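*Asks:* here is my input; please provide its structure:
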Amino acid sequence: MGNENTQKKILLVEDDDALASVYQTRLQAEGFDIQRVPNGEDALAKTLEYKPDLILLDVMMPKVSGFDVLDILRNTPETASVKVIMLTALSQDSDKERAESLGVDDYLVKSQVVIADVVDRIKQRLGV
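*Replies:* Modelled structure (predicted):
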């Protein structure tokens, strides 16, 4: 690990408190700086303020879905290049295609991955 200034920042956008706390604990243990917002409405403002290196984005959220958040992020100059990994309960190919067409970096189906897989993917994307 380098000094604290080199900590990669991750924004977790997840409406499930229990799941979010599991991810937060694990990612902090892995040496990441992590902040979480509980919904899509807060995601953009938090991204602009916190400037994460990567966003772990849940798809199924009330009001503003992960797809909407991704679309907004990619169409906002300040956030267009931030890495986004979508974590979803949706396993349909059409959903994956939609995410890819919106410019997602990675699309992981919750039922098909364990948290270690997600951590590995985050590290891959961030080159750490």
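
*Asks:* tell me which element Tyr107 falls in.
*Replies:* In this assignment (DSSP states H and E), Tyr107 forms part of strand 106-109.

*Asks:* what mean pLDDT does that strand get?
*Replies:* Averaging pLDDT along strand 106-109 yields 95.

*Asks:* direction included, what does that strand pair up with?
*Replies:* strand 83-88 (parallel) (DSSP bridges).

*Asks:* in space, what's closest to the residue nearest the centre of the chain - neighbours in sequence excluded?
*Replies:* Most central in the chain under Cα atoms, centre = their mean is Leu56, positioned 1.1 Å from the mean C-alpha point. Excluding its sequence neighbours, the residue lying closest to Leu56 (Cβ to Cβ, 6 or more residues apart in numbering) is Leu12, at 4.9 Å. All C-beta atoms are positioned from the backbone trio N, CA, C, and that covers glycine.

*Asks:* and that neighbour, that one's in a strand?
*Replies:* Yes - when classified by DSSP: H, G, I helix; E, B strand; the rest coil, Leu12 is found to be part of a strand.

*Asks:* assign a three-state SS to the residue nearest to the centre of the chain, would you?
*Replies:* Look at Leu56: counting by three-state DSSP, its state is strand.

*Asks:* rewinding a little: output the strand holding Tyr107 as CSV, nothing but the C-alphas.
*Replies:* Listed next in CSV are the C-alpha coordinates belonging to strand 106-109 (Å, rounded to 0.1, in the frame of the first residue of the first chain):
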residue,chain,number,x,y,z
ASP,A,106,-18.2,-3.9,-16.3
TYR,A,107,-21.6,-5.6,-15.7
LEU,A,108,-21.8,-8.2,-12.9
VAL,A,109,-24.8,-10.2,-12.0
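
*Asks:* contacts for the helix or strand following that strand?
*Replies:* Downstream of strand 106-109, the next assigned helix or strand under DSSP H and E is helix 115-126. With contacts defined as Cβ atoms under 8 Å, 6 or more residues apart in numbering, helix 115-126 is touched by 8, 10, 22-23, 26-27, 30, 32, 53-54, 56, 83, 85, 87, 105-106, 108, 113.
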